[in-house]
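J.: how does the following fold in three dimensions:
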Amino acid sequence: MRNPKPGKKPARKQKKQKPPGIEKPMRPQPDHGEKSYRGSGKLQGLAAIITGGDSGIGRAAAIAFAREGADVAIGYLSSKEEEDANEAVRWIEDAGRRAISQRFNVQKPAECKRFVDNVVKSFGRLDILVNNAGYQQEQDSILNITPEQLDGTFRTNIFGFFYMVQAALPHMKEGAVILNTGSVTALRGNESLIDYSATKGAIHVFTKSLAQSLADKGIRVNCVAPGPVWTPLIPATFKKMKDVAEHGEGTFWDRPAQPAEIAPSYVFLASADARYYSGEILAPTGSETTR
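T.: Here you go, the predicted model:
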């Protein structure tokens, strides 16, 4: 088994991006498991929605789900992300599964409903919802967090999760799964991501509460809380390129995870292997999860 430590770190010279960020300028290119992930039928015949599925963790989960036998619909926010979304679709279809990509805003309940209804109409079912869309913006002080930033971060990172569940739940049957993307920042905090960390803490409690609420329906709810991961959000939202180059240096492996290293957590929790798991926070952080 190969030790993860020798993996590539972010390049010192990195092109600064604007949110939400795209994959093409990133150095090195993220690994979504395009060449490495091998499926074994764990999600055969199921249908999944992944928000923020055009790149990063979302794309890696989409590729893994498709290779496990699921049809996959991905949502993305900006026209700038269309090329990334098309690439994700290409890999889903390459696995022999049906794919849908749709641009929409998770902050708007009506758009969430239209997306979900379109997926159910096309796939005929909905078994897995992955709430993965997220936003962050570094600030040196809480005094610099504007009302607009605070509102946008909460509306994307937690309101959007509520809206997607409200849209999806009427279509989900016993055995369905809801997965939320949390963060190590919810476990440790982060001095320059105060509002983001607060939303991720809300997501963790949202997961536990929703799991209790849906247990009698036979619907499982879990959360994946990654540590640093090499995704477009990093060069797009970090203020200093020096911090981008040092992203992940505090882990045991001295680098951020590749999205492909996080995707198996989603596959596990979505599959019948995790049938006794609900209300759990699975934390692939590359280090100890508590201090």
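
J.: what's residue 178 sitting at in phi/psi?
T.: Backbone torsions for residue 178, taken as degrees, to the nearest 10, come to phi -120, psi 130.

J.: kindly apply the preceding question to residue 46 instead.
T.: Residue torsions, per degrees, to the nearest 10, at residue 46 are phi -90, psi 170.

J.: thought it was touching residue 128?
T.: Yes - with contact defined as CB atoms under 8 Å, residue 46 and residue 128 form a contacting pair (6.1 Å). The C-beta positions use only the backbone N, C-alpha and C, and glycine is treated the same way.

J.: at which residues are the helices of the stretch 101-250 of the chain located?
T.: With helices called from DSSP state H, counting those that start in this stretch, the stretch 101-250 of the chain shows them at 109-123, 147-154, 160-168, 185-188, 194-214, 233-237, 241-245.

J.: may I see those organised as JSON lines, with distance to residue 175, mean neighbour count and mean pLDDT added?
T.: Putting these into JSON lines (distance: least, CB to CB, whole Å; neighbours: other CB atoms under 10 Å; pLDDT from 0 to 100) gives the following:
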{"stretch": "helix 109-123", "distance to residue 175": "16", "mean neighbour count": "18", "mean pLDDT": "98"}
{"stretch": "helix 147-154", "distance to residue 175": "31", "mean neighbour count": "14", "mean pLDDT": "98"}
{"stretch": "helix 160-168", "distance to residue 175": "14", "mean neighbour count": "22", "mean pLDDT": "98"}
{"stretch": "helix 185-188", "distance to residue 175": "28", "mean neighbour count": "20", "mean pLDDT": "96"}
{"stretch": "helix 194-214", "distance to residue 175": "12", "mean neighbour count": "19", "mean pLDDT": "98"}
{"stretch": "helix 233-237", "distance to residue 175": "32", "mean neighbour count": "22", "mean pLDDT": "89"}
{"stretch": "helix 241-245", "distance to residue 175": "41", "mean neighbour count": "16", "mean pLDDT": "87"}
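
J.: mind giving me CSV with those and columns for distance to residue 26?
T.: Shown next, in CSV, are those (distance: least, CB to CB, whole Å):
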stretch, distance to residue 26
helix 109-123, 27
helix 147-154, 23
helix 160-168, 24
helix 185-188, 21
helix 194-214, 20
helix 233-237, 6
helix 241-245, 10
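
J.: looking at those, which is nearest to residue 268?
T.: Evaluated with CB to CB, those place helix 194-214 nearest to residue 268, the distance being 15.4 Å.

J.: what sits up against the closest one?
T.: If you take CB atoms under 8 Å, 6 or more residues apart in numbering as the criterion, helix 194-214 is touched by 131, 134-137, 139, 142, 145, 149-150, 153-154, 157-158, 161-162, 165, 169, 178, 180-183, 185-186, 189-190, 220-223, 225, 278-281.

J.: and if we set it to 7 Å?
T.: With contact meaning CB atoms under 7 Å, 6 or more residues apart in numbering, helix 194-214 is reached by 136, 142, 145, 149-150, 153-154, 157-158, 161, 165, 178, 180, 182-183, 185-186, 189-190, 221-223, 225, 278-279, 281.

J.: between it and helix 147-154, how big is the angle?
T.: 30 degrees (axes from the mean of the first three to the mean of the last three CA atoms, to 10 degrees).
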